[in-house]
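Enquirer: fold the following and give me the result.
(chains A and B)
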There are 2 protein chains.
Amino acid sequence: MTTLTVALGERAYPIHIGAGLLADPILYCPHLIGTQVMIVTNETVAPLYLEQLSQALTGYQVREVILPDGEQYKTLEVWNRIFDALLDARFGRNCTLIALGGGVIGDMAGFAAACYQRGVAFIQVPTTLLAQVDSSVGGKTGVNHASGKNMIGAFYQPRAVIADTTTLNTLPQRELSAGLAEVIKYGFIRDADFLDWLEAQLPALLARDPDALAHAIQRSCEIKAEIVAADELESGQRALLNFGHTFGHAIETGAGYGNWLHGEAVGAGMCMAADLSARFGWLSAADLARVRRLVASAGLPTEPPADLSVERFLELMAVDKKVLNGTLRLVLLRQLGEATVTGNIDPGLLQATLRR
Amino acid sequence: MTTLTVALGERAYPIHIGAGLLADPILYCPHLIGTQVMIVTNETVAPLYLEQLSQALTGYQVREVILPDGEQYKTLEVWNRIFDALLDARFGRNCTLIALGGGVIGDMAGFAAACYQRGVAFIQVPTTLLAQVDSSVGGKTGVNHASGKNMIGAFYQPRAVIADTTTLNTLPQRELSAGLAEVIKYGFIRDADFLDWLEAQLPALLARDPDALAHAIQRSCEIKAEIVAADELESGQRALLNFGHTFGHAIETGAGYGNWLHGEAVGAGMCMAADLSARFGWLSAADLARVRRLVASAGLPTEPPADLSVERFLELMAVDKKVLNGTLRLVLLRQLGEATVTGNIDPGLLQATLRR
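Expert: Numbering: from 1, shown residues only, chains lettered A, B, ... in the order given. The predicted model follows:
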């Protein structure tokens, strides 16, 4: 087991990474407040891991709420079912919510923990690669609004993250690839050496080699934790983590929530952001080809859906959080391994990227 | 104009109290972030004050959302209309929400500000006495759940509170009385001299004498600000502010949201808490009579609804946040002007108070 710490002062918390951690009571006990524990999970994950987790919490008053599975259920309405369950169980301020599942479950359970009686304890047990490397680090929680992703939410840090790599064995291949999109992103924005390592290890990662996965998760969490610790509330460099995401969110919304996985949209979005970076003269044609090759090797799309028009794309990007207020700001690559936020975007270059 | 400061470090903020402040641009400008301003108000307040406030914000991009009036609309569903309006207007992270109205509007707008894109700027313009002396100070925001009041929410501080005493001229007498419940509460829990002053000044307050009102608001905000500054997240003495509220919440829920005003329920709740304090031997019969007389003089009920049975009362109190986790904790009076939180409640004494 490897343990990292996200250095956020009094909100600092550990991320434990390793095989078979899910059922280890020792990892939970120090972070449980009181005796009331509500496990928030979904219909897909519950049959696989709920019993293991519940048994690890012997001696606690454990209840669970099982939500439908999918990004399309990340709504205020479904979120409210967590409160129904908490109030039905008469859980008080000294309860702990445990998110058992992927990013959607983590986002909704974390946001519920932030808001139940104005804040209760929260532990993340991410069971997808995407959640292990991305959504479980950094405290972003929330739900979608019909007009935009993650528009309603809170910054709320978990007390601990328990990333059990064995849970990835039950992950569909498509979701494994989607998780790799974020792993690759960390290389693009921050660590050229990690990119080299990824190019060599992608076959091992896709074959779910446990050591390769553990290293990829660890390095991803390290980079994200470093960036988040420097900018918890996203006023500056944290925006770099959105590389590929402004294009990606437009793709997700344009294709209809749930049709493209978040990681797939980010894969294509990163290729688009790299294309625009090349048009800025920052990436060479060889760099751009390398970006596309790496994204494709991870089993991800490198192009947006063909039926998404340039006009619709611009409209969707205009609603994105990072674009609102009239100024389009995008994360581009200065070079492979170094990202920058750019507000001064030539509309002609952007159109050229979208038209491609 | 009097200005107090709520001392919360980097979240410190001013409370301006006085006549005719609502339309003074100077009070808003230092606290507005960006140019986008969303005024959140309700159907009762909008015709009275929305235009004045909008005109004070010339030069800003001002939009408004007008919600239905009443505690029964303090729901996730109605709350979501604020996000509809914000996204419809394409407002970004650099927008400011202004709550123009009473406690319900302040709670919902503040909670929306806490959650819109994970947090935007927020200004309170309370137009009821209750909101001016209570809900606009302390950062408690939220909505109700079908199973309990304020179960979903956040601690979120405004950047400024602008309490215009002239708005109280349009307040129905019943709501003026409801606001006085909280004013009196500050005397009971913290300041025996203020109680003496209140006994003398109640007729002037009920006649809306502007100087008397301004002093009552100022002293109330001072006491609340002092308590909140010492305990922002309610881990200790902030609970004293709940004097009369555990009984009061049970009355509000038992009578059906919206049938009893919050202040009315708190008025009766304070009399019940004082009754129990007397049974503990802390208040004399004369003290208890004085509490009831003061509450009655403010035009408030001193008894709960006759049709609320002891059993139903206990059941409702068991759902209250301050009771959950199995332990009933109540705020009682050691003497007039000094409150204490008590967890060790003799069920016989409580039953006697409820049965009375």
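Enquirer: in contact with A:I105, which residues?
Expert: A:40-42, A:45, A:67, A:99, A:131 (CB atoms under 8 Å, 6 or more residues apart in numbering or on different chains). Just so you know, the C-beta spots here come from the backbone N, C-alpha and C atoms, and that holds for glycine as well.
Enquirer: redo that, cut-off 7 Å
Expert: A:40-42, A:67, A:99 (CB atoms under 7 Å, 6 or more residues apart in numbering or on different chains).
Enquirer: equivalent analysis for A:L48, please.
Expert: Per CB under 7 Å, 6+ apart, neighbours of A:L48: A:T170.
Enquirer: does it count as helix, strand or coil?
Expert: With DSSP: H, G, I helix; E, B strand; the rest coil as the basis, A:L48 sits in helix.
Enquirer: that one and A:T127, how far apart?
Expert: To A:T127, A:L48 is 8 Å away according to CB to CB, to the nearest Å.
Enquirer: which residue does the stretch 1-150 of chain A bring closest to chain B?
Expert: Nearest residue of the stretch 1-150 of chain A to chain B (CB to the nearest CB) works out as A:G92 at 3.0 Å.
Enquirer: who wins on neighbours among the contacts of A:I105?
Expert: Within the contacts of A:I105, most neighbours by other CB atoms under 10 Å in any protein chain shown means A:A99, with 31 neighbours.
Enquirer: next, count neighbours for the nearest residue to it once chain neighbours are set aside.
Expert: Spatial nearest neighbour of A:A99, chain neighbours left out: A:A109 (3.6 Å); criterion: CB to CB, 6 or more residues apart in numbering or on different chains. A:A109 is flanked by 29 other residues according to other CB under 10 Å.
Enquirer: now do the strand or helix carrying A:A109 against helix B:103-115, angle only.
Expert: Assessed by DSSP states H and E, A:A109 sits inside helix A:103-115. Calculated by axes from the mean of the first three to the mean of the last three CA atoms, to 10 degrees, helix A:103-115 forms an angle of 140 degrees with helix B:103-115.
Enquirer: from the middle of its chain, how far away would helix A:103-115 be?
Expert: Counting by CA atoms, centre = their mean, to the nearest Å, helix A:103-115 is centred 12 Å from the centre of its parent chain.
Enquirer: state the mean pLDDT of it.
Expert: Summarised as a single mean, pLDDT over helix A:103-115 is 97.
Enquirer: re the thing from before, what sits against the residue nearest to A:A99?
Expert: By CB under 7 Å, 6+ apart, the residues touching A:A109 are A:40, A:82, A:97, A:99.
Enquirer: need the contact partners of the helix or strand containing the last one.
Expert: Using DSSP H and E, A:A99 sits within strand A:95-101. Residues lying outside strand A:95-101 but in contact with it, judged by CB under 7 Å, 6+ apart, are A:32-34, A:36-42, A:45, A:49-50, A:53, A:105-106, A:109-110, A:112-113, A:120-125, A:127.
Enquirer: count the residues that sit near A:T58.
Expert: Close neighbours of A:T58, defined as other CB under 10 Å, add up to 8.
Enquirer: and it, how far from B:T353?
Expert: A:T58 is 40 Å from B:T353, by CB to CB.
Enquirer: okay, the residue lying closest to A:G20 once chain neighbours are set aside and chain B: tell me how far apart.
Expert: Leaving aside its chain neighbours, A:G20 sits nearest to A:T166 (5.6 Å; criterion: CB to CB, 6+ apart). Separation of A:T166 from chain B (CB to the nearest CB, to the nearest Å) stands at 32 Å.
Enquirer: quick one: A:T166 from A:I17, how far?
Expert: 11 Å.
Enquirer: which elements pack onto the helix or strand bottoming out on mean pLDDT in chain A?
Expert: When the helices and strands of chain A are compared on mean pLDDT, DSSP states H and E, helix A:310-319 comes out lowest with a mean of 86. Here helix A:310-319 touches helix A:245-255, helix A:347-355, going by 3 or more CB pairs under 7 Å, 6 or more residues apart in numbering or on different chains; DSSP states H and E.
Enquirer: alpha carbons of stretch A:124-134, as CSV, please.
Expert: C-alpha atoms of stretch A:124-134 as CSV (Å, rounded to 0.1, in the frame of the first residue of the first chain):
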residue,chain,number,x,y,z
GLN,A,124,-14.2,8.3,-0.7
VAL,A,125,-13.9,4.7,-1.9
PRO,A,126,-13.5,5.2,-5.6
THR,A,127,-14.0,2.0,-7.7
THR,A,128,-13.2,3.3,-11.2
LEU,A,129,-9.9,4.4,-12.5
LEU,A,130,-11.3,7.8,-13.4
ALA,A,131,-12.5,8.3,-9.8
GLN,A,132,-9.2,7.0,-8.3
VAL,A,133,-7.0,9.4,-10.3
ASP,A,134,-9.3,12.4,-10.7
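Enquirer: can you list the residues that contact that stretch?
Expert: With CB under 7 Å, 6+ apart, stretch A:124-134 has contacts from A:22, A:45, A:49, A:53, A:98-103, A:106, A:136, A:158, A:161-163, A:167-168, A:171, A:175-176, A:178-180, A:182-183, A:217, A:220-221, A:224, A:262-263.
Enquirer: what of stretch A:12-21?
Expert: Applying CB under 7 Å, 6+ apart, the set of residues contacting stretch A:12-21 from outside is A:1-6, A:27, A:137, A:157-166, A:210, A:214, A:217-218, A:221.
Enquirer: who's sitting farthest from the centroid in chain A?
Expert: A:G59 (32.0 Å; CA atoms, centre = their mean).
Enquirer: A:N144 - nearest residue in space that isn't next to it in sequence?
Expert: Of all residues not flanking A:N144 in the chain, A:K74 sits nearest, at 4.9 Å (CB to CB, 6+ apart).
Enquirer: same list, the contacts of A:A109, but as JSON lines with distance to A:M151 please.
Expert: What follows is these, written out as JSON lines (distance: CB to CB, whole Å):
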{"residue": "A:V40", "distance to A:M151": "21"}
{"residue": "A:I82", "distance to A:M151": "19"}
{"residue": "A:L97", "distance to A:M151": "22"}
{"residue": "A:A99", "distance to A:M151": "20"}
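Enquirer: farthest pair within the residues you listed?
Expert: Greatest spacing in the contacts of A:A109, by CB to CB: A:I82 and A:A99 (10.1 Å).
Enquirer: quickly list what's touching both of those two.
Expert: Listed contacts common to A:I82 and A:A99 are A:40, A:109; contacts here mean CB under 7 Å, 6+ apart.
Enquirer: re the thing from before, neighbours around the residue nearest to A:N144, how many?
Expert: By other CB under 10 Å, 22 other residues sit near A:K74.
Enquirer: quick check: it touching A:G110?
Expert: No - using CB atoms under 7 Å, A:K74 is not in contact with A:G110, being 11.8 Å away.
Enquirer: run through chain A and note the low-pLDDT ranges.
Expert: Applying pLDDT under 70 to chain A flags residues A:257, A:319-326.
Enquirer: of all the residues in it, which ones are close to chain B?
Expert: Near chain B, the residues belonging to chain A are A:34, A:76, A:80, A:83, A:87, A:90-94, A:114-118, A:140, A:142, A:145, A:147-148, A:151-155, A:318-319, A:321, A:324-325 when assessed by CB under 7 Å from any CB of the partner chain.
Enquirer: drop anything exposed from the contacts of stretch A:124-134.
Expert: Neighbour counting with 16 or more other CB atoms under 10 Å in any protein chain shown marks A:22, A:45, A:49, A:53, A:98-103, A:106, A:136, A:158, A:161-163, A:167-168, A:171, A:175-176, A:178-180, A:182-183, A:217, A:220-221, A:224, A:262-263 as buried within these.
Enquirer: and chain A, what are its domains?
Expert: By the assignment in automatic domain parsing, chain A contains the domains A:2-170, A:178-355.
Enquirer: for the longest one, what is the distance to the chain centroid?
Expert: Between the mean C-alpha point of domain A:178-355 and the mean C-alpha point of its chain there is a distance of 12 Å (CA atoms, centre = their mean).
Enquirer: what distance separates the start and the end of it?
Expert: Using CA to CA, to the nearest Å, one end of domain A:178-355 lies 25 Å from the other.
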